[in-house]
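> Turn this into a structure:
(chains A and B)
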Amino acid sequence: MKKYTDSGKKDTRSGFGAGLTELGKRNKDVVALCADLTGSLKMDEFKANHPERFFQVGIAEANMMGIAAGMTIGGKIPFTGTFANFSTGRVYDQIRQSIAYSHKNVKICASHAGLTLGEDGATHQILEDIGLMKMLPGMTVINTCDYNQTKAATIAIADHHGPVYLRFGRPKVANFTPEDQTFEIGKAVQLQEGNDVTIVATGHLVWEALLAAESLNEQGISADVINIHTIKPLDKEAILRSVAKTGCIVTAEEHNYYGGLGESVARVLSENDPTPQEFVATQDTFGESGTPAQLMDKYGLNAEAIEKAAKKVMTRK
Amino acid sequence: MPDISYLNELVIQVRRDILRQVHKVNSGHPGGSLGCTEFFVTLFQEIMDRKDGFNMNGIGEDIFFLSNGHVSPVFYSVLARSGYFPVDELNTFRLINSRLQGHPTTHEGLPGVRIASGSLGQGISVSVGAAETKKLNNDPHLIYTLCGDGELQEGQNWEAIMYAAANKVDNLIVTVDYNGQQIDGATDNVLPLGNLKAKFEAFGWDVLEIADGNDISQVLNGMAAAKEKTGKGKPVCVLMKTVMGNGVDFMMHTHAWHGKAPNDEQLEIALAQNPETLGDY
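Numbers count the residues shown, from 1 in each chain, chains lettered A, B, ... in the order given. All right, here's what the predicted structure looks like:
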């Protein structure tokens, strides 16, 4: 079993900020827009380094999406920054018409996704955004798991022509992926090799999946663990290869089970290789106020829930 | 000096194109299209500094965005007659597998279109973005936008209007097709727009008015005056009064032809009022 070490807890949004800072130096066409959340999105350094390429639009997300779409005309690569809730549901039609349908090269960067936004409560905790964004034709959807991966993904999406939704979060979480990684859009990362059960996780649930696999291993169950950072396009081959070995699968995500990673995986399986699946996800519910850890416990999004789901799905083989 | 008689001939030909496009598929929006025909013809023939051919990035030339995408018949006709694509392609308007979708889009790669529009209220934001990029690229060319008056009921416009003034986006001219009509009736009855001039000015824009947007000379002078106002620290708005359905007597001064095509008999009457000038497609 591979050993993964947390090099020190960090927030994924800071990975975004670091990636954006790096991009600012590397690519003069990168511009950044923010709707009054510069500090929360960790965009301060980019703003300080390149004030002429930073656009503060105020509390006006619909306008931000339209401006971003327009800025691509003339060759700029706009990165928009606000919370996931205001990056998707609030501005869905602007993204749909001006960005996705118009195929504009806009990178929609969304922090504070999911329950781990914490105390602000359900008004700000979007659990539907992956579904909203993956339904848009041509939209790439990425949900990164830690600081290093978020930084690498931020840099990588600048080289991909087309609209991208990059989802990350607020809390400090384990930072365990390599600092020098190459981020390949649409390519799953195999974290553990196992034969008894597949665990496919995205975002903050990837570390939890590793903890679950460790515990399962101690009980004599070997889990194949895959980090799916790109939900669309989904790495079908990685999933099918894994279930061919294990014969059952658990998907884990900080999102509603409607519209999330789990449903995308289920579609791939039902079309190619029907396989028993358990979903670790929220159960068609809104969130509430609380600390991130309390919320993830209450809504069953942690290592314990993944372990339980793995044992359950193995009985269904 | 602009050749006014040629512009007039082109206007009449574009009216015929609009009527024939919507008649063929028994759908589309002739009223608003006819109302801003003089504007489109003048803008593309005389006002804008355009390059030959079409490049999405529009570097080194003026760029036009249509926010009220439902007036696609006039947009398509003027694009075709300005050389962006073959005039015969107007035959495919709203048909399956056409590049001339009901509302303009980049999706099928129609030259001359840089953004999809139709869901209203998004064009000013997009224009502001393109204007900011022009500034970043040190490109002195301008962004021209047309929006409907009714669509100013969408809140996103006012976000963009506020942003543009605050950020001195002064390479942008937004023209409002001020015909006072929308689908459900007169804007005054549906949701009154109030004093648009005072509103734009209060937001920090320079505002000009064209009293008769169906008079080519007034459009020429008005848009030239608007151009003069650019580069002075403020975005520019042109409130252009037009008559919906202009040029076809039974379509004028009513919202009835906003989204309705003429039948065979009505088409014949309408075309007779606008005899062929430069050749039908």
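
> Can you pull the domain assignment for chain A?
Listed by automatic domain parsing, the domain ranges of chain A are A:10-173, A:189-315.

> how long is the shortest one end to end?
Meaning domain A:189-315. 26 Å (CA to CA, to the nearest Å).

> For B:N214, see how far away A:Y4 is.
71 Å (CB to CB, to the nearest Å). Just so you know, the C-beta spots here come from the backbone N, C-alpha and C atoms, and that holds for glycine as well.

> Looking at those two, which one has more neighbours?
Neighbour count, other CB atoms under 10 Å in any protein chain shown: between A:Y4 and B:N214, B:N214 has more, with 22 against 18.

> helix or strand for the more buried one, which one?
Following DSSP states H and E, one finds B:N214 outside all helices and strands.

> That one - nearest residue in space that isn't next to it in sequence?
The shortest distance from B:N214 to any non-neighbouring residue, by CB to CB, 6 or more residues apart in numbering or on different chains, is to B:N246 (4.6 Å).

> State the number of residues packed around that neighbour.
Neighbour number of B:N246 under other CB under 10 Å is 23.

> measure it to chain A for me?
Using CB to the nearest CB, to the nearest Å, B:N246 is found at 28 Å from chain A.

> can you give me the helices in chain B?
Listed in chain order, the helices of chain B (DSSP state H) span B:4-25, B:30-35, B:37-42, B:72-81, B:123-136, B:155-166, B:187-190, B:196-202, B:216-229, B:264-272.

> Residue numbers of chain B in contact with chain A?
B:56-59, B:63, B:65, B:105-107, B:114-119, B:122, B:124-134, B:136-137, B:139, B:155-156, B:159-160, B:162-163, B:167 (CB under 8 Å from any CB of the partner chain).

> Whichever of those end up buried, select them in PyMOL.
Filtering the residues of chain B next to chain A down to the buried ones (16 or more other CB atoms under 10 Å in any protein chain shown) takes a single PyMOL command:
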select buried, chain B and resi 56+57+58+59+63+65+105+106+107+114+115+116+117+118+119+122+124+125+126+127+128+129+130+131+132+133+134+136+137+139+156+159+160+162+163+167
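
> Not including adjacent chain positions, what is the nearest residue to the residue of the stretch 151-300 of chain A found nearest chain B?
Evaluated by CB to the nearest CB, the stretch 151-300 of chain A has A:H161 as its residue closest to chain B, separated by 11.9 Å. Nearest residue to A:H161, sequence neighbours excluded (CB to CB, 6+ apart): A:N105, at 5.6 Å.

> Surely that neighbour is in contact with A:P163?
Yes: contact criterion CB atoms under 8 Å: A:N105 and A:P163 qualify, at 7.1 Å.

> So which of these two has more stuff around it?
A:P163 (27 against 22).

> State the mean pLDDT of stretch A:186-206.
When pLDDT is averaged over stretch A:186-206, the result is 98.

> what's the span of it from first residue to last?
Note: stretch A:186-206 ends 16 Å apart using CA to CA.

> residues of that stretch that come out buried?
A:186, A:188-189, A:191-192, A:194, A:196-206.

> Sort out for me which of the residues you listed are in strands.
A:V189, A:L191, A:Q192, A:V197, A:T198, A:I199, A:V200, A:A201 (DSSP state E).

> could you redo those as TSV and give each row distance to chain B?
Compiled in TSV, those are given as follows (distance: CB to the nearest CB, whole Å):
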residue	distance to chain B
A:V189	33
A:L191	39
A:Q192	42
A:V197	43
A:T198	37
A:I199	39
A:V200	33
A:A201	35
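
> Determine which two of those residues are furthest apart.
A:V189 and A:V197 (17.8 Å; CB to CB).

> my guess is B:L193 contacts B:E154, does it?
No: using CB under 8 Å as the test, B:L193 is too far from B:E154 to be in contact (11.8 Å).

> if we can go back for a sec, any chance of JSON lines for the helices of chain B, columns mean pLDDT?
Shown next, in JSON lines, are these (pLDDT from 0 to 100):
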{"stretch": "helix B:4-25", "mean pLDDT": "97"}
{"stretch": "helix B:30-35", "mean pLDDT": "97"}
{"stretch": "helix B:37-42", "mean pLDDT": "98"}
{"stretch": "helix B:72-81", "mean pLDDT": "98"}
{"stretch": "helix B:123-136", "mean pLDDT": "98"}
{"stretch": "helix B:155-166", "mean pLDDT": "98"}
{"stretch": "helix B:187-190", "mean pLDDT": "97"}
{"stretch": "helix B:196-202", "mean pLDDT": "98"}
{"stretch": "helix B:216-229", "mean pLDDT": "98"}
{"stretch": "helix B:264-272", "mean pLDDT": "98"}
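
> So for A:E52, which of the ones you listed sits nearest?
Comparing those by CB to CB, helix B:123-136 comes nearest, at 7.1 Å.

> Just the angle for the closest one relative to helix B:155-166, thanks.
30 degrees (axes from the mean of the first three to the mean of the last three CA atoms, to 10 degrees).

> Run through the neighbouring helices and strands of helix B:123-136.
Under the contact criterion of 3 or more CB pairs under 8 Å, 6 or more residues apart in numbering or on different chains; DSSP states H and E, helix B:123-136 touches helix A:61-71, strand B:63-66, strand B:143-148, helix B:155-166, strand B:172-178.

> what angle separates it from helix A:61-71?
Going by the same axes, to 10 degrees, helix B:123-136 makes 50 degrees with helix A:61-71.

> would you put the C-alpha positions of helix B:123-136 in PDB?
Extracted as PDB, the C-alpha positions of helix B:123-136 are listed here (Å, rounded to 0.1, in the frame of the first residue of the first chain):
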ATOM      1  CA  GLY B 123     -24.800  42.500 -24.600                       C
ATOM      2  CA  ILE B 124     -23.600  45.500 -22.700                       C
ATOM      3  CA  SER B 125     -21.600  43.400 -20.300                       C
ATOM      4  CA  VAL B 126     -19.900  41.500 -23.200                       C
ATOM      5  CA  SER B 127     -19.200  44.800 -24.900                       C
ATOM      6  CA  VAL B 128     -17.600  46.300 -21.800                       C
ATOM      7  CA  GLY B 129     -15.300  43.200 -21.700                       C
ATOM      8  CA  ALA B 130     -14.300  43.600 -25.300                       C
ATOM      9  CA  ALA B 131     -13.700  47.300 -24.700                       C
ATOM     10  CA  GLU B 132     -11.500  46.500 -21.800                       C
ATOM     11  CA  THR B 133      -9.500  44.100 -23.900                       C
ATOM     12  CA  LYS B 134      -9.100  46.800 -26.600                       C
ATOM     13  CA  LYS B 135      -7.600  49.000 -24.000                       C
ATOM     14  CA  LEU B 136      -5.200  46.300 -22.800                       C
END
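
> Thanks again, I'm all set now.
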